[in-house]
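> Give me a model of this one.
(2 chains)
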2 protein chains.
Amino acid sequence: MQLINSLEWRYSTKKFSNKKISEELVDQIIKATNLSASSAGLQPFRLISIENEELKKKLGEGSFNSQIAESSHLLVFAAFDEITLNHIEEYIQHIADVRGIETENLLEFKSALVDNILPRGSHENHVWASKQAYLALGTALIAAAELKIDTTPMEGFDADKFDNLLGLKERGLKTVVILALGYRDKEKDVFAGFKKVRLEKDRFVTYIR
Amino acid sequence: MQLINSLEWRYSTKKFSNKKISEELVDQIIKATNLSASSAGLQPFRLISIENEELKKKLGEGSFNSQIAESSHLLVFAAFDEITLNHIEEYIQHIADVRGIETENLLEFKSALVDNILPRGSHENHVWASKQAYLALGTALIAAAELKIDTTPMEGFDADKFDNLLGLKERGLKTVVILALGYRDKEKDVFAGFKKVRLEKDRFVTYIR
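Take a look at the predicted model:
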């Protein structure tokens, strides 16, 4: 399938060219990311799509990842710091709106969410929300690769700095992972030609038949 | 792009038919999952692919998720409980083997891994490893959808029971998320016809231009 080719094609880009991605293509990546599955469908994270050169430069200052500043677009995945009753109620209302039903029909589902999620500590819920963001990052990487757009997923940035510069604290969000989008600079990026390293099948998977 | 259609097509299946997935298709899903990106490429998790009916039944006992037993194949994503120097050394050796270079050429990369990963506590590293597994889950969901195979990603299972029955503790692994694969039973699964609920674009993403 085409997906395997796309996954083989992509790599973590070290050096981007100056070429900008069209807004339409960035929006396709965002649309796919928004369609990702998440636990109970709650989507406990948000995206920030940064094209602004000055802001990207500021975010990249002091980082060993030059891709932050040099990307065409930087996608920031930010997960909720805590999950509140309000998040659940908004979600239930949204389901009712989309499906044209009454929230009364969703009482059982709502109770299950309230009983499962709210008793957990806010740190546990933030970690859980972060995992959903990583799942969506997996989708974003594939969406980009299918569009022949290069990517660099990154950890190890100064999350506090991102949260401050992007005004995320006020929104109850925390940056958990970031994704640089752009087009590879084939001549300057030696990594573009390296052979992909993945586990041999037998080490990766165990079959129980 | 086709990916958007596949993401629109998929849903969290509540009721599978008896139809089995061919081994070849399961292997395509596993191959795509193995090609997923992971932080520094370390792939700190493993898959267990379970087709055995008796084992699936045991794993599903007492769970509200009938999909565990009723799936054609159950994929278990298990992340390393801790990350050790041995993991890093094996990985460095593997890169050298695949790319036909000497490990001496990878000393700087190895030091970066050792300095960044090993000082973190084992809980932090397990959470980090789990996030990489979730990223790969995102890939698995797409691979299945592209093959018109239905899926149910699940949390909220008895992880200790899984670890014991699958002998994961001995391998330094812990179950973090599971994925039922199969074919939807369109007639018995009312969810198959429900409208997909996702955030409106303006609530999901913020643009900074």
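> When you work out contacts or count neighbours from here on, use the C-alpha atoms and nothing else.
Noted.
> following the biggest helix by length in chain A, which helix or strand shows up next?
Counting residues, the longest helix found in chain A (DSSP state H) is helix A:122-146. Later in the chain than helix A:122-146, the nearest helix or strand by DSSP states H and E is strand A:150-154.
> Other residues contacting that following strand?
Under the contact criterion Cα atoms under 8 Å, 6 or more residues apart in numbering or on different chains, strand A:150-154 has outside partners A:10-14, A:67, A:141, A:144-145, A:177-184, B:39.
> ok, now which ones touch the residue of chain A found nearest chain B?
Proximity of chain A to chain B (Cα to the nearest Cα) peaks at A:Leu135, 4.2 Å away. Contacts for A:Leu135 (Cα under 8 Å, 6+ apart) come out as A:Ser36, A:Ala37, A:Ser38, B:Lys131, B:Tyr134, B:Leu135, B:Ala136, B:Leu137, B:Gly138, B:Thr139.
> what's the nearest residue to it if we skip its chain neighbours?
Nearest in space to A:Leu135, with sequence neighbours left out and distances taken as Cα to Cα, 6 or more residues apart in numbering or on different chains, is B:Leu135 at 4.2 Å.
> Check the secondary structure at A:Val176 for me.
Recorded secondary structure, A:Val176: strand (DSSP: H, G, I helix; E, B strand; the rest coil).
> what's around it, how many residues?
By other Cα atoms under 10 Å in any protein chain shown, the residues close to A:Val176 number 25.
> So for it, what's the pLDDT?
A:Val176 carries a pLDDT value of 98.
> again with A:Ile208
So, for A:Ile208, pLDDT stands at 98.
> show me what contacts A:Lys186?
Taking Cα under 8 Å, 6+ apart, we find A:Lys186 in contact with A:Ala192.
> these two touch, right, A:Val205 and B:Leu47?
Yes: here A:Val205 reaches B:Leu47: they are 4.6 Å apart, a contact under Cα atoms under 8 Å.
> now the strands for chain A?
A:45-50, A:73-80, A:150-154, A:173-182, A:205-208 (DSSP state E).
> follow-up on the earlier one: pull out the buried positions in the longest helix of chain A.
For helix A:122-146, a neighbour-count test (16 or more other Cα atoms under 10 Å in any protein chain shown) marks A:122, A:125-146 as buried.
> now stretch A:81-101
Quick answer for stretch A:81-101 (16+ other Cα under 10 Å): A:Asp81, A:Glu82, A:Ile83, A:Ile88, A:Tyr91, A:Ile92, A:Gln93, A:His94, A:Ile95, A:Ala96.
> now swap in stretch A:156-164 and tell me
Neighbour-count burial for stretch A:156-164, counted by 16+ other Cα under 10 Å, picks out A:Phe157, A:Ala159, A:Phe162, A:Asp163.
> Restricted to helices, list those residues.
Those of the buried residues of stretch A:156-164 lying in helices (DSSP H): A:Ala159, A:Phe162, A:Asp163.
> Please tell me how far the nearest residue to the first one once chain neighbours are set aside sits from B:Asn86.
Nearest in space to A:Ala159, with sequence neighbours left out and distances taken as Cα to Cα, 6+ apart, is A:Thr175 at 5.7 Å. Here the distance between A:Thr175 and B:Asn86 works out to 31 Å (Cα to Cα, to the nearest Å).
> One more: A:Ala140?
To B:Asn86, A:Ala140 is 31 Å away according to Cα to Cα.
> okay, the strands of chain A in JSON lines with distance to B:Asp150 next?
JSON lines is the format used below for these (distance: least, Cα to Cα, whole Å):
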{"stretch": "strand A:45-50", "distance to B:Asp150": "25"}
{"stretch": "strand A:73-80", "distance to B:Asp150": "27"}
{"stretch": "strand A:150-154", "distance to B:Asp150": "28"}
{"stretch": "strand A:173-182", "distance to B:Asp150": "28"}
{"stretch": "strand A:205-208", "distance to B:Asp150": "20"}
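> tell me, what residue is most central in chain A?
A:Leu137 (3.6 Å; Cα atoms, centre = their mean).
> Next up, the contacts around A:Gln28.
A:Ala143.
> do the one 10 residues further on as well
A:Ser38 makes contact with A:Gln132, A:Leu135, A:Ala136 under the criterion Cα under 8 Å, 6+ apart.
> could these be laid out in JSON lines, adding pLDDT?
Below are the contacts of A:Ser38 laid out as JSON lines (pLDDT from 0 to 100):
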{"residue": "A:Gln132", "pLDDT": "98"}
{"residue": "A:Leu135", "pLDDT": "98"}
{"residue": "A:Ala136", "pLDDT": "99"}
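> What is the nearest of those residues to B:Gly167?
Of all the contacts of A:Ser38, A:Leu135 has the smallest distance to B:Gly167: 25.9 Å, by Cα to Cα.
> and that closest one, how far is that from B:Leu141?
9 Å.
> can you check A:Ala79 too?
Between A:Ala79 and B:Leu141 the computed distance is 21 Å (Cα to Cα).
> One more: A:Glu170?
Note on A:Glu170: its distance to B:Leu141, by Cα to Cα, is 33 Å.
> Tell me, how many residues neighbour A:Glu23?
10.
> Next up, the contacts around it.
By Cα under 8 Å, 6+ apart, no residues touch A:Glu23.
> And A:Phe16, by the same measure?
A:Gln67, A:Glu70, A:Ser71, A:Gly182, A:Tyr183, A:Arg184, A:Asp185, A:Asp189.
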